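# the following block contains a protein sequence and its predicted model.
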Amino acid sequence: MRYPPDQKAKARASLLKAGLTSMKAAGFNGIGVDGLAAAAGATSGAFYSNFANKEEMLKAIVDAAVGEPFLSASESATTKAELRSLLKKLIADYISDHHVADPANGCVMPALSADVARASTRTRKSYERRISAMAERIADGLDGPRADRLRRAWSIISLMVGAVTIARAMSSSAAQSEVVASARKTANHLVSAPVKRKPVA
């Protein structure tokens, strides 16, 4: 029986999409190959025909999802003002109570960064490449000297990921909201143009 030439690519995409959602919700160690395959409506054999093992899927998730959808959306931004508008929207959506409450549909970084830290050098290099590209693109939307913009970009990313990670670990919704509100305020402050200091007489 012949299969369409793009069937393998479609099967891989389906497995990757289901795996992304499942791993964000359960963590890398919280779900096995059988569960990942079942989430995509596939068999374990289909999983292994597309990924050598779970870490191969983790690397594919990193390659596809770290920095998204911001990186893709920012490709259409032709001015700094447009890019900054996208950045402000990212911060508002990311550092939010609804993102804290919904890991499965949220960003991969708060959910899987700790798992990537324990993964192979190859997977960590993919993560570093993607998150560095995100930092560079955020810096493009800020004002000031490039070194300062990049410093602030890394601070914004750290606030985003850290705030969501910490808030998810808390049991009180009030405490979660306090973390979110504080981090969002600081992140927005970092987006603002740096204050020019008057020379000392």
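Looks like it came in fine. Numbering: from 1, shown residues only.
# so where does residue 115 fall, helix or strand?
When elements are assigned from DSSP states H and E, residue 115 belongs to helix 108-117.
# meant to ask about residue 187
For residue 187, the element it lies in under DSSP H and E is helix 173-191.
# same thing with residue 119?
When secondary structure is defined by DSSP H and E, residue 119 falls outside every helix and strand.
# show the subsequent helix or strand relative to the helix holding residue 115.
Where DSSP H and E defines the elements, the next helix or strand beyond helix 108-117 is helix 121-140.
# and the angle for that following helix with helix 173-191?
Here helix 121-140 runs at 60 degrees with respect to helix 173-191, directions being taken by axes from the mean of the first three to the mean of the last three CA atoms, to 10 degrees.
# so how far is helix 121-140 off the chain centroid?
How far helix 121-140 lies from its chain's middle: 10 Å, per CA atoms, centre = their mean, to the nearest Å.
# who's in contact with it?
Judged by CB atoms under 8 Å, 6 or more residues apart in numbering, the contacts made with helix 121-140 from elsewhere in the structure are 55, 58-59, 62-63, 66-67, 70-71, 74, 80, 83, 87, 109, 113, 116-117, 146, 149-150, 152-154, 156-157. In short, each C-beta sits where N, CA and C put it, glycine included.
# ok, back up a step: packing partners of the helix holding residue 115?
Using 3 or more CB pairs under 8 Å, 6 or more residues apart in numbering; DSSP states H and E as the contact definition, the elements that helix 108-117 packs against are helix 7-26, helix 54-65, helix 121-140, helix 146-168.
# okay if I get these as CSV plus mean pLDDT, distance to residue 35 and mean neighbour count?
Written out in CSV, the entries for the helices and strands packed on helix 108-117 read as follows (pLDDT from 0 to 100; distance: least, CB to CB, whole Å; neighbours: other CB atoms under 10 Å):
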stretch, mean pLDDT, distance to residue 35, mean neighbour count
helix 7-26, 92, 7, 18
helix 54-65, 97, 10, 20
helix 121-140, 98, 20, 18
helix 146-168, 98, 21, 18
